[in-house]
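J.: just the structure for this:
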Amino acid sequence: MASYTAEEPTVTLERVNTPPAQTWNYLKTNDITLTVPKLSRKGDVYFALPRLFDKVETGMGQKVTDWVTSQAADSTYVEVKAGEKNHAPIVVDVDSNAGTVQDAGVLVRQGASATVVVVAHGTSAEPQTSAALVRIIVEEGAHLSLVEVVATTDAHHHLESVGIHADAGATLDIRQFLLGAGVTALGTCATLAGDNGRVSLQTHYLGEHEQTLDINHVVRMAGKNGRAEVHENGILNDSARKSLRATIDLIHGGSGSKGNEAETVLVNGDGVVNKTMPVILCDEDDVQGNHGATIGSVEPEQIDYLMDRGLSRDEATNLFVRALFDDALIEADQPLARKAVFERAQQVLGAEVAQNLLDTLGLELAADAGEKDADAQATATATKESAD
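T.: Numbering: from 1, shown residues only. Here you go, the predicted structure:
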């Protein structure tokens with residue numbers, strides 16, 4: 001993690017982002033150890049989330065949950081009423097420049113629909129550690145759209161732990177864009193507790209320079225006839241390091257459930273280290289689980305073909321990176337998220353190319369994105385009450 005002076009208190013979080021079943025020990029891919037700041041909150045008045053969120057399993061584990069809840073200056077609780085379809089986007093704003101730590105809980109009531117946007121953003125060259133803990137309960141027949149954007153600099157380290165509990169007939173649509181940080185440690189756990197649950201999880205990531213990405217995906221399928229589609233796509237350049245643990249757990253009693261997991265990795269660098277650990281756990285007969293990974297690099301002939309048509313070598317390889325930012329700008333259509341993606345594109349591809357991406361897609365940045373996000377949060381955020 002980030003470098004700290006001797007005067008700054010820190011704590012070491014050992015064996016976090018751990019998968020449900022630990023295999024391939026010789027590859028050292030079962031967990032990560034992180035050194036993070038430890039601030040004293042003595043005397044602060046802290047509003048904790050309702051106790052029902054304590055039961056939501058998170059992707060990075062209890063140690064990260066405990067650290068975030070001890071470091072966050074406050075918590076945010078939002079409840080979307082039953083049947084509500086037009087709720088304002090719920091924005092979790094993580095200012096990496098300031099080392100923000102956010103603790104958020106969202107309750108999506110029966111038959112409702114909600115959009116949650118988590119944005120870690122920052123352009124500062126000063127070392128900082130930021131974090132987001134997001135726990136969501138999706139009741140029967142409700143729909144959740146979750147968009148996560150990590151777009152900071154090599155000086156920043158970011159932890160993001162997400163836990164979702166979904167009841168019968170609930171649908172989850174999760175889109176993650178990990179576009180840059182010195183260290184990105186992200187864990188997501190989605191539990192389909194009821195029958196006929198659906199989850200679609202898509203992760204797009206970019207690692208370059210000497211960045212580290214550590215990703216843990218867990219889908220628990222406890223209800224009957226559930227469906228899970230988990231797909232990761234990424235680009236690793238230079239000497240980037242990435243570890244991915246992807247687990248689909250077909251739990252006893254979840255008959256008729258089907259889960260698929262697949263990753264595609266494009267490697268562009270002799271110093272790249274890529275570790276992929278897909279796992280299917282099965283404790284039920286009438287289920288289907290599939291997983292796979294495709295890892296490769298751009299063929300020299302493909303580069304030569306593009307160079308023969310006027311592109312430099314860097315421009316040719318950056319076509320794939322541009323495509324990733326294209327997707328991010330389209331999918332992250334909330335003002336703060338799109339601004340963060342654009343600022344990161346400027347850092348990676350240059351100001352001219354980043355602006356060209358916006359122009360090509362016919363998109364504009366909201367000049368008052370921050371104000372609009374504040375208004376949206378004020379509208380969306382319920383009072384912090386103990387609803388035990």
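J.: roughly how far apart are residue 143 and residue 116?
T.: Distance, residue 143 to residue 116, using C-beta to C-beta, to the nearest Å: 11 Å. C-beta: built from backbone N, CA, C; applies to glycine.
J.: more neighbours: which of the two?
T.: Taking neighbours as other C-beta atoms under 10 Å, residue 143 and residue 116 compare with residue 116 leading, 25 against 19.
J.: average pLDDT across the helix or strand that that one is a member of?
T.: Using DSSP states H and E, residue 116 falls within strand 113-121. In this model, strand 113-121 carries a mean pLDDT of 98.
J.: helices or strands next to it in the packing?
T.: Applying 3 or more C-beta pairs under 8 Å, 6 or more residues apart in numbering; DSSP states H and E, one finds that strand 113-121 contacts strand 90-95, strand 101-108, strand 128-138, strand 143-151, strand 156-166, helix 335-349.
J.: out of these, which gets nearest to residue 260?
T.: Closest approach to residue 260 among the helices and strands packed on strand 113-121 (C-beta to C-beta): strand 156-166, 17.7 Å.
J.: nearest spatial neighbour of residue 156, skipping sequence neighbours?
T.: Among residues not flanking residue 156 along the chain, residue 96 sits closest, at 4.4 Å (C-beta to C-beta, 6 or more residues apart in numbering).
J.: need the pLDDT of the one you found.
T.: For residue 96, the model assigns a pLDDT of 97.
J.: that one: neighbouring residues, count only.
T.: Based on other C-beta under 10 Å, the number of other residues close to residue 96 is 27.
J.: and residue 228, how many residues sit next to it?
T.: Residues near residue 228, counting by other C-beta under 10 Å: 24.
J.: now do the strands in the stretch 151-300 of the chain.
T.: For the stretch 151-300 of the chain, the strands defined by DSSP state E, counting those that start in this stretch cover 156-166, 171-180, 183-192, 198-207, 212-221, 227-237, 241-250, 258-268, 273-282, 288-296.
J.: next, format those strands as CSV and append mean pLDDT.
T.: Listed next are the strands of the stretch 151-300 of the chain as CSV, based on pLDDT from 0 to 100:
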stretch, mean pLDDT
strand 156-166, 98
strand 171-180, 98
strand 183-192, 98
strand 198-207, 98
strand 212-221, 98
strand 227-237, 97
strand 241-250, 96
strand 258-268, 95
strand 273-282, 94
strand 288-296, 90
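J.: so can I have TSV of the ones you listed showing distance to residue 314?
T.: Formatted as TSV, the strands of the stretch 151-300 of the chain follow (distance: least, C-beta to C-beta, whole Å):
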stretch	distance to residue 314
strand 156-166	25
strand 171-180	18
strand 183-192	24
strand 198-207	15
strand 212-221	22
strand 227-237	11
strand 241-250	21
strand 258-268	10
strand 273-282	21
strand 288-296	20
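J.: of the ones you listed, which is nearest residue 316?
T.: Closest of those to residue 316 is strand 258-268, at 10.3 Å (criterion: C-beta to C-beta).
J.: give me the distance from stretch 118-128 to the chain's centre.
T.: 15 Å (C-alpha atoms, centre = their mean, to the nearest Å).
J.: and stretch 243-252, by the same measure?
T.: Using C-alpha atoms, centre = their mean, the offset of stretch 243-252 from its chain centre is 16 Å.
J.: now do that stretch: everything it contacts.
T.: 17, 19-21, 29-30, 32, 213-222, 228, 230, 232, 257, 259-261, 263, 275-284, 287, 289, 291 (C-beta atoms under 8 Å, 6 or more residues apart in numbering).
J.: which parts of it are buried?
T.: Buried residues in stretch 243-252, defined by neighbour count with 16 or more other C-beta atoms under 10 Å: 243-251.
J.: who are the packing partners of the helix ranked longest in the chain?
T.: Counting residues, the longest helix found in the chain (DSSP state H) is helix 313-331. For helix 313-331, the elements it packs on are strand 171-180, strand 198-207, strand 227-237, strand 258-268, helix 300-308, helix 335-349, helix 351-361, judged by 3+ C-beta pairs under 8 Å, 6+ apart.
J.: would you turn those into CSV with distance to residue 320?
T.: As requested, those are exported to CSV (distance: least, C-beta to C-beta, whole Å):
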stretch, distance to residue 320
strand 171-180, 13
strand 198-207, 9
strand 227-237, 6
strand 258-268, 6
helix 300-308, 10
helix 335-349, 11
helix 351-361, 13
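J.: gap between residue 343 and residue 127?
T.: 19 Å.
J.: what about those two, which has more around it?
T.: residue 343 (20 against 16).
J.: ok, that one to residue 357 distance?
T.: 12 Å.
J.: same deal with residue 39?
T.: In terms of C-beta to C-beta, residue 39 sits 38 Å off from residue 357.
J.: more neighbours: which of the two?
T.: Per other C-beta under 10 Å, whichever of residue 39 and residue 357 has more neighbours is residue 357, with 20 against 13.
J.: which residues are in contact with that one?
T.: 322, 325-326, 329, 342, 345, 349.
J.: check residue 234 too.
T.: Here residue 234 is in contact with 178, 203-207, 213, 242, 263-266 (criterion: C-beta under 8 Å, 6+ apart).
J.: still on that earlier bit, quick one: which of the strands of the stretch 151-300 of the chain is nearest residue 309?
T.: Going by C-beta to C-beta, the one of these nearest residue 309 is strand 258-268, 19.2 Å.
J.: buried ones in that closest one?
T.: 258-263, 265-268.
J.: tilt between it and helix 300-308?
T.: With axes from the mean of the first three to the mean of the last three C-alpha atoms, to 10 degrees as the basis, strand 258-268 and helix 300-308 are set at 60 degrees to each other.
J.: what is the neighbour count of residue 210?
T.: 12.
J.: what's the answer for the one 5 residues further on, then?
T.: For residue 215, the tally of surrounding residues (other C-beta under 10 Å) stands at 26.
J.: so in terms of bridging, what pairs with it?
T.: Assessed by DSSP bridges, residue 215 has beta-bridge partners residue 186, residue 244.
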